[in-house]
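**Q** no FASTA, just this:
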């Protein structure tokens, strides 16, 4: 039985625990095959850039609508990948064969340190490919293995409102078992939709730029100095470029920008009226309340 999740490899200093991270994307799957292939390549390149910025060495590969990352720095890798646009979610998984016995053994092993006394649990399974069993069969058999492995804790099955959910994703001859979905920002991979300039003078300007970045635009920050808004954006784009303010027409031409982004709200209507640009201007915050802006800022600066 092949088992990857906390695999032990012999490194320069002895045995090293290697984690396997499964990364999912959403919107890319809706694109045509050529566009999806190009977007996947950009997404993987962005992941590798984020990992490199975090000082994480990893093996990254894409396979059948998923991206897999092997690394010995699980926590750092998860944080870096969860800040890559285009990532819908990720999970630290254990890999095994897709036969029922192997899946049950791995799920039982995963469950022991997770389930506590008298907790309830459920198993959710999904499959890709042809198998001699159904997803319901996987849930039932794997659930039985988990129950027997934790019977002394008086655990119970609850399919409606469980304390813990274990997931099994079967893909052909292999299966991935895990217990947590970690959300990503979603959207489209950075740099798949051209460049945009973003005026970054206040923290809320960073949110406006972030929303455009989520739609795949590579943002170039226009700022007088390395302010907090710039720091926020750089945590999402390690290769963020910053330019000094100047004539917008010149900045647009020099940076080949297709648009300019402002963090103006409805309260800044006079400033919006004064904007005159050779390219489209976007105001992502114009329909937001101040409390909504604060809440979103907390989310992207966490």
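**A** Ah, there it is. These figures come from a predicted structure and were not determined experimentally. Residues are numbered from 1 along each chain as shown.

**Q** where does this protein dip in pLDDT?
**A** Along the chain, the parts satisfying pLDDT under 70 run over 1-16, 29-31.

**Q** How is it divided into domains?
**A** According to automatic domain parsing, the chain comprises the domains 7-95, 99-172, 195-301.

**Q** ok, residue 126 to residue 98 distance?
**A** Residue 126 sits 12 Å away from residue 98, going by CB to CB, to the nearest Å. To be clear about C-beta, it is placed using only N, CA and C from the backbone, and glycine gets the same treatment.

**Q** Touching both of these two, which residues are there?
**A** Common neighbours of residue 126 and residue 98, using CB atoms under 8 Å, 6 or more residues apart in numbering, are residue 170.

**Q** And those two? Which one has more around it.
**A** Neighbour totals were compared for residue 126 and residue 98, and residue 98 leads with 20 against 12 (other CB atoms under 10 Å).

**Q** tell me the contacts of the closest residue to that one other than its chain neighbours?
**A** Leaving aside its chain neighbours, residue 98 sits nearest to residue 175 (4.5 Å; criterion: CB to CB, 6 or more residues apart in numbering). Contacts for residue 175 (CB under 8 Å, 6+ apart) come out as 95-98, 102-103, 106, 168-169.

**Q** any chance of these in CSV, plus secondary structure?
**A** Output for these, formatted as CSV (DSSP: H, G, I helix; E, B strand; the rest coil):
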residue, secondary structure
95, strand
96, strand
97, strand
98, coil
102, helix
103, helix
106, helix
168, strand
169, strand
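
**Q** Which of the residues you listed sits closest to residue 39?
**A** residue 169 (21.8 Å; CB to CB).

**Q** So what sits opposite that closest one in the bridge?
**A** Counting by DSSP bridges, residue 169 forms beta bridges with residue 126, residue 176.

**Q** so it sits right up against residue 22, yeah?
**A** Yes. With contacts counted by CB atoms under 8 Å, residue 169 reaches residue 22, the gap being 7.4 Å.

**Q** Need the overlap of contacts for those two.
**A** Joint contacts of residue 169 and residue 22 (CB under 8 Å, 6+ apart) are 93, 176, 178.

**Q** which helices and strands does the strand or helix carrying the first one pack with?
**A** In other words, residue 93. Per DSSP states H and E: residue 93 is located in strand 87-97. Here strand 87-97 touches strand 14-25, helix 74-81, helix 100-111, strand 174-178, strand 182-183, going by 3 or more CB pairs under 8 Å, 6 or more residues apart in numbering; DSSP states H and E.

**Q** how about a cut-off of 10 Å?
**A** Where contact means 3 or more CB pairs under 10 Å, 6 or more residues apart in numbering; DSSP states H and E, strand 87-97 is packed against strand 14-25, helix 33-53, strand 66-71, helix 74-81, helix 100-111, strand 164-171, strand 174-178, strand 182-183.

**Q** nearest to residue 200, of the ones you listed?
**A** Residue 200 lies closest, by CB to CB, to one member of the helices and strands packed on strand 87-97: helix 33-53, at 19.5 Å.

**Q** rewinding a little: generate a ChimeraX selection restricted to the buried subset of the shared contacts of residue 169 and residue 22.
**A** Applying 16 or more other CB atoms under 10 Å to the shared contacts of residue 169 and residue 22, the buried members can be selected in ChimeraX as follows:
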select :93,176,178
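
**Q** In a markdown table: the shared contacts of residue 169 and residue 22, plus distance to residue 285.
**A** Output for the shared contacts of residue 169 and residue 22, formatted as a markdown table (distance: CB to CB, whole Å):
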| residue | distance to residue 285 |
| --- | --- |
| 93 | 37 |
| 176 | 39 |
| 178 | 36 |
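
**Q** Contact partners for the nearest residue to residue 58 once chain neighbours are set aside?
**A** Spatial nearest neighbour of residue 58, excluding adjacent residues (CB to CB, 6+ apart): residue 71 at 3.8 Å. Residue 71 makes contacts with 18-21, 51, 56-60, 77-78, 80-81, as judged by CB atoms under 10 Å, 6 or more residues apart in numbering.

**Q** Name only those of these that count as buried.
**A** 18-21, 51, 56, 58, 60, 77-78, 80-81.

**Q** any idea how far residue 75 lies from residue 228?
**A** Noted for residue 75: a distance of 25 Å to residue 228, by CB to CB.

**Q** oh sorry, the question was meant for residue 122
**A** For residue 122, the distance to residue 228 equals 43 Å [CB to CB].

**Q** What separation is there between the most centrally placed residue in the chain and residue 37?
**A** Centroid-nearest residue in the chain, with CA atoms, centre = their mean: residue 184, separated by 2.9 Å. Per CB to CB, residue 184 is found 20 Å from residue 37.

**Q** residues making contact with the helix or strand harbouring residue 249?
**A** According to DSSP H and E, residue 249 maps onto helix 248-255. For helix 248-255, the surrounding residues in contact (CB under 10 Å, 6+ apart) are 195-197, 199, 218, 220, 222, 241, 243-247, 257-260, 275-279, 281.
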